[in-house]
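Enquirer: Please find the sequence and the predicted model below.
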Amino acid sequence: MAKTARGLHYEMVDLRPAWRRGAGSGRPVVFHHGVGTDLHVFDEWLPAVAAHHPVARFDMRGFGRSDVPPEDHAWTMAELIADLLEVAQAAFGQEPVHAMGESLGGTVSLAAALAHPARFASVAMSNAAIKGGEIGYAPAWRAEIARIGMSGWSERLMAQRFVPGAVPAEALAWFAEVQGRSRPHVVVGLGELLVGTDLTARLPGFQLPLLLMMPDRSPFVTLSQASALAELVPHTEIAVFPGARHGLPLSHGREAAGVLAAFLARVEAGRLAPARG
């Protein structure tokens, strides 16, 4: 088990044949999950992505085997950006990485690339927002958890994450169990941080290749956010997944991994080189 100096648990996976692991064979990818899960939400993504790229995935601060801040912790986007950069540094040094984030992890990945573009080769996001104030339900998490507890909150979210029948029973049970272990102060703190985050003013002129994977029926992040992002960053690629809610990374993991792998191949072939103003 590897941990960074600031208490973030991470794992590295490289499924490339030994003869493809030399210089120039595929830039690293860092996976960043969102609220209520852990690094294993990307398990079904690994075969398609790690076959061509070294991968690091980590438990976000407050989840999995990473350190849990105290209840009076002041959550900031700057801290979450620093967490992502620390994992990238620990795993791959100063080499620019492809960032793949889901939900809040996608928002953090994009914010990190806006602040430190030289550290990134591209950004991909799944069911992620650029304007947290437009996310449905999140502003009410504090009051809702106080009223119905974490188990009630988690049960309600399961219906909002997954279309009935979209996920095998054992995967659904795993997700429910992991989400149910979330700490209330972590969920509330991160939810309120996300609601207060708005990246729109910083996006015009963003140059890195950008992919947005969207569910067609998320109650949290609607397709209107994809349209807004495309208006601000015209070279954004958008992939919409039918029959998906906010649990897209689990319910459509293999399909989404294929879309990501194809995007990364185009980036590395120079067909999606950074835009130059």
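Expert: That came through, no problem.
Enquirer: What count of nearby residues applies to residue 208?
Expert: Residue 208 has 22 neighbours, counted by other C-beta atoms under 10 Å. For glycine as for every other residue, the C-beta is placed from the backbone atoms N, C-alpha and C.
Enquirer: Contacts only, for it.
Expert: Shown in contact with residue 208 (C-beta atoms under 8 Å, 6 or more residues apart in numbering): 113, 117, 120, 121, 122, 123, 274.
Enquirer: Now with 6 Å, please.
Expert: 113, 120, 122, 123, 274 (C-beta atoms under 6 Å, 6 or more residues apart in numbering).
Enquirer: One more: residue 202?
Expert: Counting by C-beta under 6 Å, 6+ apart, residue 202 has contacts residue 114.
Enquirer: ok, now residue 33?
Expert: 41, 60, 102, 105.
Enquirer: Counting only strands, which of those residues make the cut?
Expert: By the criterion of DSSP state E, membership of these in strands covers residue 102.
Enquirer: Could I get the contacts of residue 33 in TSV, plus columns for neighbour count?
Expert: Shown next, in TSV, are these (neighbours: other C-beta atoms under 10 Å):
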residue	neighbour count
41	25
60	27
102	29
105	29
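Enquirer: And the contacts of residue 33, which is closest to residue 69?
Expert: Comparing those against residue 69 with C-beta to C-beta places residue 60 closest, at 11.3 Å.
Enquirer: Could you give the backbone dihedrals for the residue lying closest to residue 206 once chain neighbours are set aside?
Expert: Excluding its sequence neighbours, the residue lying closest to residue 206 (C-beta to C-beta, 6 or more residues apart in numbering) is residue 233, at 4.9 Å. Residue 233 has phi and psi values of phi -130, psi 90 when expressed as degrees, to the nearest 10.
Enquirer: Return the distance of residue 233 relative to residue 3.
Expert: Here the distance between residue 233 and residue 3 works out to 34 Å (C-beta to C-beta, to the nearest Å).
Enquirer: The residue nearest to residue 206 and residue 207, how far apart?
Expert: Using C-beta to C-beta, residue 233 is found at 9 Å from residue 207.
Enquirer: Looking at these two, which is more packed in?
Expert: residue 233 (20 against 14).
Enquirer: pLDDT at that one, what is it?
Expert: Per-residue confidence at residue 233 stands at 96 (pLDDT).
Enquirer: got it, and residue 133?
Expert: We note a pLDDT of 87 for residue 133 in this prediction.
Enquirer: can you offset everything so residue one is 21?
Expert: From this message on, residue numbering opens at 21, which makes the last subject residue 153.
Enquirer: Could you find the closest non-adjacent residue to it?
Expert: For residue 153, ignoring the flanking residues on the chain, the nearest one in space by C-beta to C-beta, 6+ apart is residue 215 at 5.9 Å.
Enquirer: so how far is residue 125 from that neighbour?
Expert: Counting by C-beta to C-beta, the gap from residue 215 to residue 125 is 16 Å.
Enquirer: for residue 198, same thing?
Expert: 15 Å.
Enquirer: what do you get for residue 261?
Expert: With distances taken as C-beta to C-beta, residue 261 is found 17 Å from residue 125.
Enquirer: do the same with residue 274
Expert: 19 Å.
Enquirer: tell me the helices in the stretch 21-170 of the chain, going along the chain?
Expert: 66-70, 97-112, 124-135, 161-181 (DSSP state H, counting those that start in this stretch).
Enquirer: Most tightly packed of the ones you listed?
Expert: For those, average neighbour numbers computed from mean count of other C-beta atoms under 10 Å are highest in helix 124-135, which has a mean of 25.
Enquirer: so what secondary structure elements neighbour that helix?
Expert: Counting contacts by 3 or more C-beta pairs under 6 Å, 6 or more residues apart in numbering; DSSP states H and E, helix 124-135 is packed against helix 97-112, strand 117-122, strand 140-146.
Enquirer: what's in contact with the longest one?
Expert: The contact list for helix 97-112 (C-beta under 6 Å, 6+ apart) reads 24, 26, 28, 30, 32, 48, 50, 52, 76, 78, 81, 117, 128, 131-132, 135.
Enquirer: from the middle of its chain, how far away would that helix be?
Expert: How far helix 97-112 lies from its chain's middle: 13 Å, per C-alpha atoms, centre = their mean, to the nearest Å.
Enquirer: Same question for the last one.
Expert: With C-alpha atoms, centre = their mean as the basis, strand 140-146 stands 9 Å off its chain's centre.
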